[in-house]
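coords below, sequence missing:
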């Protein structure tokens, strides 16, 4: 198999990592019954925190941790309104997206143009030299490996562990779960924070591995695409992670056309493809959502107060 195919596969996997991380985190939040539309804002805050902490400490891994923490902190704000105060989750999530984007762009102005740190590539010994699979799967930075593992691990945890059972229970019928002794508010808060952590990690991967450094709106709508992937995947983490590969493939296609100097397809049209995909995914999801296995959790977006 030509080496070019391995290089193209490498770009596909690398380009899909941020969407996959954010989508898996959003699946966890929504399976618990919490709708969080603030993924884009959390990714931007994570990207800024990752770039800033990396430059301040000289350690890209500390930057990665700072990005994840920043995303979790912003998600905590959503948890206060959506869970503790039982506010409208759609409005709270949209406000979070606007707040995160505005705050990141304002605070990040001094970092625009600064040369950022880059996470090192970590080849897997014994596997990185395999033909085709080596460059595609085993020559990446830490966030890409985490993205590859996130979908299968989350799927296993939701289906096979007691914690996963509680998450599914509070998402499907919070009142019944509460009657069985499940701490609904704590489970939902934990899943919301986990979703924010994953979104922040996704954002930090953009500023530390994908395009090192900070620039305004550098997530480019990937947070919204992650939400669309959750719907398209029927709220299943492994499917959401696999769906992210489609976004990565479109991104790789754009790079391939640019590198080849092909003018048959306008570049602006290629750059629109991920967003056109989002619209198509949401349209398809209208049909999928009505199927028994493809619908959202029954209590998604519904506030729960004991005694109501």
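Sure, I can see it. What you are looking at is a predicted structure, and each value in this text was computed from that prediction instead of being measured.

What is the three-state secondary structure of residue 125?
coil (DSSP: H, G, I helix; E, B strand; the rest coil).

can you pull out the strands in the protein?
Secondary structure of the chain by DSSP state E: the strands cover 122-123, 139-140.

most neighbours per residue, which of the ones you listed?
Comparing these by mean neighbour count (mean count of other C-beta atoms under 10 Å), strand 139-140 comes out on top with a mean of 22. All C-beta atoms are positioned from the backbone trio N, CA, C, and that covers glycine.

That one packs against which elements?
Strand 139-140 is packed against helix 3-31, with contacts defined by 3 or more C-beta pairs under 8 Å, 6 or more residues apart in numbering; DSSP states H and E.

which parts of the helix it packs on are buried?
6, 8-31 (16 or more other C-beta atoms under 10 Å).

With stretch 166-179 instead?
Here stretch 166-179 shows 166-175, 177-178 as buried, counting by 16+ other C-beta under 10 Å.

Name the residues that touch that stretch?
Stretch 166-179 is touched from outside by 28, 30-33, 158, 180, 182, 184, 187-188, 191, 297-300, 302, 304, 306, with contacts defined as C-beta atoms under 8 Å, 6 or more residues apart in numbering.

Distance from the chain centre to it, please.
25 Å (C-alpha atoms, centre = their mean, to the nearest Å).

Any idea how far apart the tips of that stretch sit?
End-to-end distance for stretch 166-179, by C-alpha to C-alpha, to the nearest Å: 12 Å.

quick check: mean pLDDT across that stretch?
Mean pLDDT, stretch 166-179: 96.

Please shift the residue numbers so they start at 35 in all later answers.
OK, 35 is where the count begins now, so the last one is stretch 200-213.

give me the low-pLDDT residue ranges for the stretch 235-342 of the chain?
289-305, 307-309, 311-312, 315-316, 318-328, 341-342 (pLDDT under 70).

circling back: among the buried residues of stretch 200-213, which pair sits farthest apart?
201 and 209 (15.8 Å; C-beta to C-beta).

which residues of the stretch 235-342 of the chain fall in helices?
Assigned by DSSP state H, counting those that start in this stretch, the stretch 235-342 of the chain shows helices spanning 256-266, 271-294, 301-322.

Of the strands of the chain, which is nearest residue 238?
Checked against C-beta to C-beta, the stretch from those lying closest is strand 173-174, at 15.1 Å.

Pull the residues that contact the closest one.
In contact with strand 173-174 (C-beta under 8 Å, 6+ apart) are residues 44, 47-48, 51, 155-158, 162.

make it 10 Å
40, 44, 47-48, 51, 153, 155-158, 161-163, 180-182, 243 (C-beta atoms under 10 Å, 6 or more residues apart in numbering).

Separate out the buried members of the contacts of stretch 200-213.
Applying 16+ other C-beta under 10 Å to the contacts of stretch 200-213 flags 62, 64-67, 192, 216, 218, 221-222, 225, 331, 333-334, 338 as buried.

Return the closest of these with respect to residue 272.
residue 192 (9.6 Å).

Surely the closest one and residue 61 touch.
Yes - here residue 192 reaches residue 61: they are 8.2 Å apart, a contact under C-beta atoms under 10 Å.

who touches both of these two?
Common neighbours of residue 192 and residue 61 (C-beta under 10 Å, 6+ apart) are 201, 269-272.

Pull out the buried residues from stretch 251-268.
Those would be 252-254, 256-268, for stretch 251-268 by 16+ other C-beta under 10 Å.
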